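**Q** I need the structure of the sequence given here:
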Amino acid sequence: MGDLLPRRRAPRILVVDDQPSIAGLMSQLLTIRGYEVITAASADQAEAEIRRQSPDLILSDVMMPGKSGYELCRTLKENPATRLIPFVLITGLSDSTDKVRGIEAGADDFLNKPVLAEELIARVKSLLRLKEFTDELETADSVLCTLGLIVEGRDPYTEGHCERLSVHAADLGRHLGMDEDSIIALKRGGYLHDLGKIAVPDEILKKGSDLTPPEWQIMKLHPITGENICRPLRSLRLVLPIIRHHHEHTDGSGYPDGLSGSEIPVLSRVLQVVDVYDALRTARSYKPAQNHDQAAQTMRDEAARGLWDAELVSEYFSMLNQKRQVA
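**A** This is a model prediction of the structure:
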């Protein structure tokens, strides 16, 4: 029966060292313990290998021709696509300043030359457990984003809404010069902002307009519900304010907390602008779709009345106009 169960993939370890004897020894020590090992003789070769197939762990010498281990580590840790890969610096240098350089570069651990087999295996096992945990968190993120799409699918008028918000909110974040963590939060916020509607009954969700006061009270709970669903995941901490506050208004008339002006987190205001534009451009059971110029005028009028952040509305249409000119 055990043979019928799917076998777990062997963890993939990248060893980076310009000395073939050292790389070969570490490769042998790890291979006999069941790990898949790939070697690279330089940082450039390592980066090419990572682009080809991402490893679960990187063991890198510090001193190499060309780019050093420090520089390779820093490059990978600054890239959102690779920064969660555990990175171990292997050095024959004992000066504490060298270790500080490694810490500043983002190294997860250190090994001293000559590398002891027992210590190598212990560090590898420990860091691979950490990688498995972070992979599980990323999987949980994916499950929640899928749930967001399922919620969207309950309303035939909002097909593609989440994906459009994810892309356009990230574009606006880049246009505003936001950091990469904020842009990732906006991408996730596009999928997760209405997750709390999972608790809203179909008859209310599909009604769209003319909700009774009790129905409206149920609808207004969805940002809090969505926040509560996502709160256990620390990886979503920057997304939580987007989920909770994307229905607040600049004049304080929104929900659930009645925040106003700069009290509303900027990421929430960014997603909100994109959300409103997409809603105006989409036909619903209770309204026709507006064209671009109509939507722009509507949003500028509503911003002037205190609903949306007027500066962000202006920046959004500036960005869209730039894109239209390029196209």
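**Q** Which parts of this protein are strands?
**A** Ranges of strands within the chain are 12-16, 36-40, 57-61, 87-91, 109-112, based on DSSP state E.
**Q** And those strands, which one averages the lowest pLDDT?
**A** For the strands of the chain, mean pLDDT drops lowest on strand 109-112, to a mean of 85.
**Q** To residue 248, which of the strands of the chain lies closest?
**A** Among these, the nearest to residue 248 by CB to CB is strand 87-91 (40.3 Å). Just so you know, the C-beta spots here come from the backbone N, C-alpha and C atoms, and that holds for glycine as well.
**Q** Packing partners of the closest one?
**A** Using 3 or more CB pairs under 8 Å, 6 or more residues apart in numbering; DSSP states H and E, the elements in contact with strand 87-91 are strand 57-61, helix 69-77, helix 96-105, strand 109-112.
**Q** Dump the ones you listed to a markdown table, plus distance to residue 145 and mean neighbour count.
**A** Shown next, in a markdown table, are the helices and strands packed on strand 87-91 (distance: least, CB to CB, whole Å; neighbours: other CB atoms under 10 Å):
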| stretch | distance to residue 145 | mean neighbour count |
| --- | --- | --- |
| strand 57-61 | 26 | 25 |
| helix 69-77 | 25 | 21 |
| helix 96-105 | 31 | 15 |
| strand 109-112 | 31 | 16 |
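**Q** Adding distance to residue 230, write the ones you listed out as JSON lines.
**A** Output for those, formatted as JSON lines (distance: least, CB to CB, whole Å):
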{"stretch": "strand 57-61", "distance to residue 230": "29"}
{"stretch": "helix 69-77", "distance to residue 230": "25"}
{"stretch": "helix 96-105", "distance to residue 230": "31"}
{"stretch": "strand 109-112", "distance to residue 230": "31"}
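**Q** mind checking which of the ones you listed is nearest residue 151?
**A** For these, proximity to residue 151 was assessed by CB to CB; helix 69-77 is nearest, at 34.5 Å.
**Q** tell me the mean pLDDT over that closest one?
**A** Across helix 69-77, pLDDT averages out at 92.
**Q** what residues does that helix touch?
**A** Helix 69-77 is contacted by residues 16, 43, 46-47, 50, 58, 60-63, 67, 82-83, 85, 87, 89-91, 101-102, 105-107 when judged by CB atoms under 8 Å, 6 or more residues apart in numbering.
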